[in-house]
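Colleague: sequence? don't have it. structure:
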């Protein structure tokens with residue numbers, strides 16, 4: 001009974017050690033373990049409590065343990081390449097081969113594109129996986145099927161399998177590689193017909209690039225971001241994004257700078273890939289408000305709940321991708337396309353959280369995003385006082401971001417996003433004051449939201465929160481959005 005009590009209370013390795021020592025001492029005294037407990041030693045090790053603890057290292061983790069394990073490793077890093085991801089997936093039975101995929105890369109717009117594409121495929125009746133990053137409120141948002149996030153229990157189950165495989169590898173995979181494997185396992189177990197996969201960083205060496213033969217590769221707008229890793233020029237970054245292209249694949253391209261397009265074109269020629277370009281000249285806006293917009297593309301009308309001219313361009317790119325899927329035999333009706341675009345949900349992209357005063361949340365965090373945000377603020381709030389609520393990562397080009405936003409506001413409430421990479425609010429405020437802004441720092445996001453809202457009420461203006469997606473979750477929760 002004493003040993004069984006220990007089995008329930010101590011770590012497996014301690015238990016094994018105690019059993020071994022106890023057996024050895026009994027052997028020296030001429031007794032057997034079984035004679036003392038009146039049960040054989042083998043039976044002790046086969047008892048349910050003992051079995052659970054003796055294999056504790058490989059036990060089924062719960063949800064909390066799963067997140068702790070994934071987050072305990074480096075998110076990105078190690079030697080660049082797909083070797084770790086492929087070895088991990090091989091050990092897990094190649095789950096990525098159980099479903100088809102649409103693969104999306106780019107600097108900006110890839111999340112919106114992924115959400116729209118998945119919404120259309122769901123509307124067409126397909127069991128559709130969606131893999132995106134980062135999340136706003138809960139880790140589970142990263143992987144969804146038909147708009148439903150992975151359940152805590154399912155994530156724990158697949159994370160346990162991933163951990164067992166990862167710890168048997170010579171080089172341990174990164175957190176993102178393990179998260180990708182969890183998603184692939186879930187999509188396979190749930191019999192997804194197709195999954196829409198957003199790259200995490202770059203493309204060529206991204207864990208999502210372990211798939212083979214995607215139904216379509218989509219490359220969205222490319223700009224200068226993550227330059228320390230991806231390169232310092234548009235051409236270098238475009239080459240990394242183009243790394244998702246495969247021989248004889250179909251590439252759908254968001255129209256952009258000539259420098260970026262030249263790289264994509266050359267990659268397609270080298271791989272024998274077919275290039276399909278969205279034609280933004282054929283977009284005709286018909287209705288535009290903070291509630292959504294109606295536009296026509298190639299003469300056909302569409303409605304989307306997402307705001308901004310760039311979302312019309314994103315939608316046009318999605319329509320081109322859907323055409324590619326149709327050519328490959330996917331049954332996607334005109335009605336499914338219309339409904340899928342209309343029903344899409346993608347929070348924190350010029351999202352209206354309040355109208356008294358107006359409070360806009362935008363997760364843009366690089367100069368391209370700032371340029372689009374400035375355009376939106378001038379378009380939807382002409383002549384109004386605009387108060388910015390901002391927080392940024394210290395490794396971002398925040399000097400360029402705020403230079404582009406200078407035309408729409410001169411007053412900023414600074415806060416610190418919840419990230420070890422965050423620039424402290426006081427440092428941001430000091431930088432902005434040196435550049436001529438009226439800037440104040442606040443010790444918490446809640447206090448910053450309150451101060452910005454009060455200031456907007458005093459001036460008859462509005463608030464726009466921007467600078468980092470790490471602000472989005474906490475701000476949405478303050479407005480009761482989850």
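Modeller: Structure's in. What do you need? Predicted model, so just to flag it, every value in this text is computed and none were measured. Numbers count the residues shown, from 1 in each chain.
Colleague: Show the contacting residues for the residue positioned nearest the centre of the chain.
Modeller: Centroid-nearest residue in the chain, with C-alpha atoms, centre = their mean: residue 133, separated by 0.4 Å. Residues in contact with residue 133 (C-beta atoms under 8 Å, 6 or more residues apart in numbering) are 142, 176, 179, 198, 200. Using the backbone N, CA and C atoms, a C-beta is placed for each residue, glycine as well.
Colleague: Hmm, residue 203 is touching residue 104, no?
Modeller: No: Residue 203 is beyond contact range of residue 104, at 9.4 Å (criterion: C-beta atoms under 8 Å).
Colleague: lowest average confidence, helix or strand, in this structure?
Modeller: Lowest on mean pLDDT, DSSP states H and E among the helices and strands of the chain sits helix 48-54, with a mean of 27.
Colleague: Output the below-cut-off pLDDT ranges for this protein.
Modeller: Scanning the chain for pLDDT under 70 picks out 1-58, 75-77, 227.
Colleague: After the longest helix seen in the chain, which helix or strand is next?
Modeller: Longest among the helix segments of the chain by residue count, using DSSP state H, is helix 309-327. Under the assignment DSSP states H and E, the closest C-terminal helix or strand after helix 309-327 is helix 334-343.
Colleague: Flag every buried residue along that following helix.
Modeller: 336, 337, 338, 339, 340, 341, 342, 343 (16 or more other C-beta atoms under 10 Å).
Colleague: As JSON lines, these with distance to residue 392 would be great.
Modeller: JSON lines is the format used below for those (distance: C-beta to C-beta, whole Å):
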{"residue": "336", "distance to residue 392": "39"}
{"residue": "337", "distance to residue 392": "37"}
{"residue": "338", "distance to residue 392": "38"}
{"residue": "339", "distance to residue 392": "37"}
{"residue": "340", "distance to residue 392": "34"}
{"residue": "341", "distance to residue 392": "32"}
{"residue": "342", "distance to residue 392": "33"}
{"residue": "343", "distance to residue 392": "33"}
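Colleague: which SSE is residue 480 in?
Modeller: Going by DSSP H and E, residue 480 is not in any helix or strand.
Colleague: And for it, the neighbour number?
Modeller: Counted with other C-beta atoms under 10 Å, residues neighbouring residue 480 total 7.
Colleague: returning to that earlier point: quick one: which of residue 203 and residue 104 has more around it?
Modeller: Between residue 203 and residue 104, residue 104 has the larger neighbour count (other C-beta under 10 Å), namely 33 against 26.
Colleague: That one and residue 116 touch, don't they?
Modeller: No: checked against C-beta under 8 Å, the pair residue 104 and residue 116 is beyond contact range at 10.3 Å.
Colleague: Please parse the chain into its domains.
Modeller: As assigned by automatic domain parsing, the chain contains the domains 2-58, 63-343, 351-478.
Colleague: Strands of the stretch 251-400 of the chain, start to end?
Modeller: For the stretch 251-400 of the chain, applying DSSP state E, counting those that start in this stretch gives strands covering 274-277, 283-289, 292-297, 300-304, 351-355, 358-361, 386-390.
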